[in-house]
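A.B. asks: The following comprises the amino acid sequence and a computationally predicted model.
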Amino acid sequence: MMNRPFNNDSHFTPARRGSCEVAHFLVPEGRHQIAWGVSPRNNRLWNGKPRRGDTQSSVTRCRPSGASKSISATISWGLRPRLIAAAAPRLFCAISTLSRRAGVTALAAVLLTFFITAAHADVQKPVVTRRADVIDRVQPNIVKIYGAGGLRGLEAYQSGFLISPTGHLLTVWSYVLDSDTITVTLNDGRRFEAELVGARPRLDLALLKLKTDLDDLPYFDLADSKTATAGSRVLAFSNLYRVATGNEAASVQRGVVSVTAPLEARRGVYETPYRGPVYVLDAITNNPGAAGGALTNRRGELVGMLGKELRSRQSDLWLNYAMPIAELRGAIDDILAGRESSMSDPMTRRKPVMSLELDLLGIAMVPDVLDKTPPFIDGVRLGSPAHAAGLRRDDLILLIGDRLIQSCKTLVGELEFVDRADEVKITVMRNQMLIEVTLKATGDMSG
């Protein structure tokens, strides 16, 4: 029999040899693929080059004369070692030499299919990457964040991760960001100042941007983020206990998603403004500095952001959890696109003729003695709209409408864009709970 290559017009067209169609298939050899075939009449092996673009090997139809059925099978291939490439066709020949009957040759094709399937069973399964390789690939995306705090029980650091090559990074919204200077340390030890681009206190997220012109930073592509289910194995990356301060790698913890459950069901038990589904983790991630870290699956794909430290008021137990990226994507996209931005430019907005003032609402703020004095309420006048709405002393004003309030100065400045004849929605935090009220000024509004 003369050597006969694959038919270039059809990958699945078998060559005809006497009383049986020749069984042929592709076997990769190193970085190349070779076409093999065998004639049941003389058991001679032929080979040739497959057509360009072939990515699938097959044991095609082998129909002996008089047989009522044809036998076919298909096997998906990846790049395999030279040893398997040489062994597969030779095994086919060895089996077919047992008899010159076409029926046995058909059996040989089936047995060879089984052999190749068993030898390459891992090709049919997802590629399992070594954990060390996954960790090395994810580490450059993790950052350490330093800001306000330093007092007892108020650590001045937390974690975050890059979500763009130009330096946007995601973290939890917290007091650490209530600082004139926010410092971010990258995985390689470089330090940059960052600014707050936007925040969503109801989702416990904040978006920062490095104050530098970079465009080649490693990052998590949110479009490639995944979801996790109960039983999923995960890795938690964070700067817990401030173990890493420079170019040291972030801490990594292995764990399992125990359950996906709404945090809303724990209202009154756990104090947090976030009210949505969370991944409850079988891993001790509830540590100082871990909030804002990244949760990935075993392949290093982003699935969530580690939440703040939460302790049950009833059982005194800590909750280890992460917020799914799917729950945060919408808010992140809005902030990046400038939609409903909490940090919008006041130059693009118009002030009313008569602006709203805190005194008309019956609110007195703490003395504004710092550049960023936290906007705590110092007192509420009896009989005022604020008193009727239930606002109290020591409530922290977070939002006016949908705009973030970071200090007493920004509070006063934001009210300048509200007409005193209009209602205003104010969101305050009290004991880690968000309370939303709607106020309207009363009394003398003539100015």
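C.D. replies: Yes, it's here. Just so it is clear, the structure is predicted and the values come from calculations on it, not from any experiment.

A.B. asks: May I have stretch 181-193 exported as PDB, CA atoms only?
C.D. replies: Only the C-alpha atoms of stretch 181-193 are listed here, as PDB (Å, rounded to 0.1, in the frame of the first residue of the first chain):
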ATOM      1  CA  THR A 181      -3.500  61.600  52.300                       C
ATOM      2  CA  ILE A 182      -4.200  58.000  51.100                       C
ATOM      3  CA  THR A 183      -1.100  56.000  50.400                       C
ATOM      4  CA  VAL A 184      -1.100  52.800  48.300                       C
ATOM      5  CA  THR A 185       1.800  50.300  48.200                       C
ATOM      6  CA  LEU A 186       2.000  48.000  45.200                       C
ATOM      7  CA  ASN A 187       3.200  44.500  45.200                       C
ATOM      8  CA  ASP A 188       6.600  45.500  44.000                       C
ATOM      9  CA  GLY A 189       7.000  48.000  46.800                       C
ATOM     10  CA  ARG A 190       6.300  51.200  44.900                       C
ATOM     11  CA  ARG A 191       4.300  53.800  46.800                       C
ATOM     12  CA  PHE A 192       1.800  56.200  45.400                       C
ATOM     13  CA  GLU A 193      -0.800  58.600  46.700                       C
END
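
A.B. asks: Do me a favour and average the pLDDT over it.
C.D. replies: Stretch 181-193 shows a mean pLDDT of 95.

A.B. asks: Just the residues contacting it, thanks.
C.D. replies: Stretch 181-193 is contacted by residues 139-147, 160, 167, 169, 176, 194-196, 208, 210-212, 217-218, 244-247, 249-250 when judged by C-beta atoms under 8 Å, 6 or more residues apart in numbering. C-beta here means a position set from N, CA and C on the backbone, and glycine is covered the same way.

A.B. asks: Buried among those residues? Need that as a selection in PyMOL.
C.D. replies: For the buried members of the contacts of stretch 181-193, the matching PyMOL selection, counting by 16 or more other C-beta atoms under 10 Å, is:
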select buried, resi 139+140+141+142+143+144+145+146+147+160+167+169+176+194+196+208+210+217+218+244+249+250
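
A.B. asks: just for this protein, where's the confidence low?
C.D. replies: 1-129, 151-153, 264-272, 312-314, 339-349, 443-447 (pLDDT under 70).

A.B. asks: quick one, domains of it?
C.D. replies: As assigned by automatic domain parsing, the chain contains the domains 16-124, 133-336, 346-439.

A.B. asks: For burial, what's the neighbour tally of the nearest residue to Ser384 once chain neighbours are set aside?
C.D. replies: Closest residue to Ser384 apart from its sequence neighbours, by C-beta to C-beta, 6 or more residues apart in numbering: Gly362 at 2.1 Å. Close neighbours of Gly362, defined as other C-beta atoms under 10 Å, add up to 22.

A.B. asks: Could you report the distance from Gly362 to Pro374?
C.D. replies: Noted for Gly362: a distance of 20 Å to Pro374, by C-beta to C-beta, to the nearest Å.

A.B. asks: And Val172, by the same measure?
C.D. replies: Distance from Val172 to Pro374, by C-beta to C-beta: 17 Å.

A.B. asks: same question, Arg381
C.D. replies: To Pro374, Arg381 is 21 Å away according to C-beta to C-beta.

A.B. asks: between these two, which one's more packed in?
C.D. replies: Using other C-beta under 10 Å as the criterion, Arg381 and Pro374 rank with Pro374 on top: 16 against 13.

A.B. asks: you'd agree that one is up against Leu396?
C.D. replies: Yes. Between Pro374 and Leu396 there is a contact at 6.4 Å, judged by C-beta atoms under 8 Å.

A.B. asks: residue contacts, Ala261?
C.D. replies: Counted by C-beta under 8 Å, 6+ apart, Ala261 has contacts 277-278, 280.

A.B. asks: Who wins on neighbours among these?
C.D. replies: Val278 (26 neighbours).
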